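In: quick one, fold the following:
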Amino acid sequence: MPQKEFIMRGQTASGLTEVLNFGGKDKGYAYRLVDFELYPSESIGTQGFEMIGTVTAAKTAVAPTDPNFNDEGLIATCYIVSPSHDKAQRLAVINDKFLITQDLVLMVQDIQNAAVNWQCRFVMEKMTGPEEAATNYKQFTISDA
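Out: Residues are numbered from 1 along each chain as shown. Next up, the predicted model:
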């Protein structure tokens, strides 16, 4: 039986994108994004920071500096800020009902142009044949727009 929950994580240069590969995953299953976290990569505990990120189900990323919740392909956005080395504040909005069957695009940005550490947690959802066809078609139309 396939794994029910898994994590993708990495470090991406500010302003760049990463492809989160879902092609060729287990047939009959979709995935839901349930958590999206950002973490600084430099000067931790010594200065303030501000980072933003998006996860998109489309050919191109939604810019983290300009998210639009009317964009059907925008699955998640995360903003984390700490004006000093004190406690950070985090805001995240995740469409955890969006069923993922195709690759996603992650984009991050740091105000100081440092690389950003990120982590996404996904859970698996079993689908029937008709559900899988509908989900694949929906994500294809979003990414083909």
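In: for the protein, which segments count as strands?
Out: Using DSSP state E, the strands of the chain run over 5-12, 17-20, 29-40, 49-56, 74-82, 89-94, 104-110, 116-126.
In: the fifth one: partners in the sheet, and parallel or antiparallel?
Out: In its sheet, strand 74-82 lies beside strand 49-56 (antiparallel), strand 89-94 (antiparallel), with partners assigned from DSSP bridges.
In: for the record, mean pLDDT for stretch 14-31?
Out: The average pLDDT within stretch 14-31 is 86.
In: quick one: buried residues of it?
Out: 14, 18, 20, 22, 25, 29-31 (16 or more other CB atoms under 10 Å). Every C-beta, even on glycine, is put in place using the N, C-alpha and C of the backbone.
In: buried set for stretch 105-120?
Out: 105-110, 114-118, 120.
In: quick test: name the residue nearest the centre of this structure.
Out: For the chain, the residue nearest the mean C-alpha position is V55 (3.1 Å; CA atoms, centre = their mean).
In: for N68, find the nearest of the strands of the chain.
Out: Nearest to N68 among the strands of the chain is strand 74-82 (6.8 Å), distances taken as CB to CB.
In: could you check the angle the one helix or strand in the chain whose mean pLDDT sits lowest makes with strand 29-40?
Out: Between all helices and strands in the chain, the lowest mean by mean pLDDT, DSSP states H and E belongs to helix 129-143, at a mean of 72. In terms of direction (axes from the mean of the first three to the mean of the last three CA atoms, to 10 degrees), helix 129-143 departs from strand 29-40 by 40 degrees.
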